[in-house]
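**Q** Got a predicted structure plus its sequence, pasted below:
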Amino acid sequence: MTSSRPYLIRAMYDWIVDNGMTPHLLVDAEREGVIVPRQYVENGRIILNIAPSAVASLSLGNERIEFNARFGGAPMKVDLPVEAVMAIYVRENGQGMMFSEEGDDTSPQPPSNRPDPSSRSHLKVIK
């Protein structure tokens, strides 16, 4: 199966914007392929405002997130792999979703012959 992360990011983005709030991404800036303004990276992470009023040409793709924005008045194209997104949240109240650092498991688990109905090991919790 494909990664659920890009779908969850898009859904959270839509929910945040539909409610008139400001979506922010917490990004692991040390990941390979992350192109962000390095002067705003702190402790290997960067917070990006991806509100429609803050960015242009936003693309929340299955593999990459891309947009144009201004940082300190200078235009820049931001480009990062979806796996670099650590969280998407609402600036105003902190509600959102964090993703595990390991990434999500894209390989299906083999079914057991006798599933234990009390077991939830087949479910993945994403905070």
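**A** Done, it's in.
**Q** Leaving aside the residues adjacent along the chain, what's closest to the residue most central in space within the chain?
**A** Closest to where the C-alpha atoms of the chain average out (CA atoms, centre = their mean) is residue 85, at 3.6 Å. Of all residues not flanking residue 85 in the chain, residue 25 sits nearest, at 5.5 Å (CB to CB, 6 or more residues apart in numbering). All C-beta atoms are positioned from the backbone trio N, CA, C, and that covers glycine.
**Q** wait, isn't the one you found in contact with residue 87?
**A** Yes - between residue 25 and residue 87 there is a contact under CB atoms under 8 Å: 7.2 Å.
**Q** Neighbour count: these two, which is higher?
**A** More crowded of residue 25 and residue 87, by other CB atoms under 10 Å: residue 25, with 23 against 18.
**Q** what's the spacing between that one and residue 1?
**A** Remark: distance between residue 25 and residue 1 (CB to CB, to the nearest Å) = 23 Å.
**Q** Then residue 46?
**A** From residue 46 across to residue 1, the span is 29 Å (CB to CB).
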